[in-house]
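**Q** Provided below for reference: sequence and predicted model.
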Amino acid sequence: MSVRVQREDFDLGAEVAALRSGRPAVGAVASFIGTVRDISEGSAVSAMELEHYPGMTEKALARIEAAACARWELLGVTIIHRVGPLLPLDQIVLVAVASAHRGNAFAACEFIMDYLKSEAPFWKKEETPEGARWVDARVTDEAALKRWGIPSFNASGTEAGSDGEA
Amino acid sequence: MNIELRFFASVREQLGVAGERAEVPGDVRTVGELRQWLRARGGAWAEALAEGRALRMAVDHAVARADTAITEGCEVAFFPPVTGG
């Protein structure tokens, strides 16, 4: 099991090889890579900056991985998320999951991404012709996590987001 | 009570500061009360931590609610909804 937050790029082939290495019980590996698009909300994106909360990020990712391992029988998980300046075409995030059969690998990979999108403390800032802007959280991401039975109020604002005043 | 404050992304930019050590009065016991206390500084603080704004909060790296207690030496973070992945 491996969780990394790094500025450097990653190599899918090398990561999958590491995930399978010494694990002959693995019969399936599912992976997802998120990349930087050159268009967002109708605006051209020339660059992106990814900020995170050092310390909390690693704990959040480890918790997400543990939640996946509690739901499905998995033989290995790798989560890598990049931070710092990125350009269109760059890789942002990798999730790779190994299991005995494909069902668990597919499901856990999607679950981890859905969880990460709404619960891991990363923020994207895009450079556009209209200036730099912080990306808004999406309620569709929140809905994606809710279908796994995990409540999220990331985009919609929350009981947790309110400050408790009338 | 002495605590560590951390701000991220748009909240950090709005406040013009990434964090600070703060001495908070004894009657500020929860994250919600802390937010209210910081808002009373006015200006960018009132705006960035405004009541209606969808903010997320954490105490010692764990997601917190308005009623989460704060304790001596803890680290409290305020940040906008997350957008990684």
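**A** In hand now; what should we look at?
**Q** so A:Ala68 sits right up against A:Ala96, yeah?
**A** No. A:Ala68 is not in contact with A:Ala96 according to CB atoms under 8 Å; the separation is 11.8 Å. From N, CA and C alone the C-beta is placed, and that goes for glycine too.
**Q** where do the contact lists of the two overlap?
**A** A:Val77 (CB atoms under 8 Å, 6 or more residues apart in numbering or on different chains).
**Q** what helix or strand is the closest residue to chain A within chain B on?
**A** Per CB to the nearest CB, the residue of chain B with the smallest distance to chain A is B:Gly84, at 2.5 Å. Here B:Gly84 sits in a region with no helix or strand, counting by DSSP states H and E.
**Q** Verify the stated contact: it with A:Lys117.
**A** Yes. At 6.8 Å, B:Gly84 and A:Lys117 qualify as touching, with contact defined as CB under 8 Å.
**Q** that older thread, report how many residues lie close to the residue of chain B closest to chain A.
**A** Counted by other CB atoms under 10 Å in any protein chain shown, the residues lying close to B:Gly84 total 26.
**Q** so who does it touch?
**A** B:Gly84 makes contact with A:Leu50, A:His52, A:His81, A:Ile92, A:Val93, A:Leu116, A:Lys117, A:Ala120, A:Pro121, A:Phe122, A:Trp123, A:Lys124, according to CB under 8 Å, 6+ apart.
**Q** Identify the residue spatially nearest to the last one, adjacent ones excluded.
**A** Spelled out, it's A:Lys124. Computed as CB to CB, 6 or more residues apart in numbering or on different chains, the closest residue to A:Lys124 that is not its neighbour in sequence is A:Val135, at 4.2 Å.
**Q** the strands in chain A, which residues?
**A** A:2-6, A:28-35, A:39-40, A:43-44, A:47-52, A:76-82, A:84-86, A:91-99, A:122-128, A:131-134 (DSSP state E).
**Q** Sheet partners, orientation included, of the fourth one?
**A** On the basis of DSSP bridges, the sheet neighbours of strand A:43-44 come out as strand A:39-40 (antiparallel).
**Q** contact partners of the strand it pairs with?
**A** Counting by CB under 8 Å, 6+ apart, A:Val45, A:Glu126, A:Thr128, A:Val135 sit against strand A:39-40.
**Q** residues in contact with the residue of chain A found nearest chain B?
**A** Nearest residue of chain A to chain B: A:Phe122, at 2.5 Å (CB to the nearest CB). The neighbourhood of A:Phe122, defined by CB under 8 Å, 6+ apart, consists of A:Leu50, A:Glu51, A:His52, A:Thr57, A:His81, A:Val83, B:Val82, B:Thr83, B:Gly84, B:Gly85.
**Q** I'd like to know how many residues surround the last one.
**A** Spelled out, that is B:Gly85. Neighbours around B:Gly85, by other CB under 10 Å: 20.
**Q** quick one: it from A:Lys117, how far?
**A** According to CB to CB, to the nearest Å, B:Gly85 stands 4 Å off from A:Lys117.
**Q** Please apply the same query to the first one.
**A** When CB to CB is the yardstick, A:Leu50 and A:Lys117 sit 13 Å from each other.
**Q** Give the residues shared as contacts by B:Gly85 and A:Lys117.
**A** Jointly contacting B:Gly85 and A:Lys117 under the rule CB under 8 Å, 6+ apart are A:Asp141.
**Q** so what pLDDT did the residue of chain B positioned farthest from its centre get?
**A** Ranking residues of chain B by C-alpha distance from their mean position (CA atoms, centre = their mean) puts B:Gly85 at the top, at 24.1 Å. Confidence at B:Gly85, expressed as pLDDT, is 96.
**Q** Could you do A:Glu159 as well?
**A** With respect to pLDDT, A:Glu159 has a value of 51.
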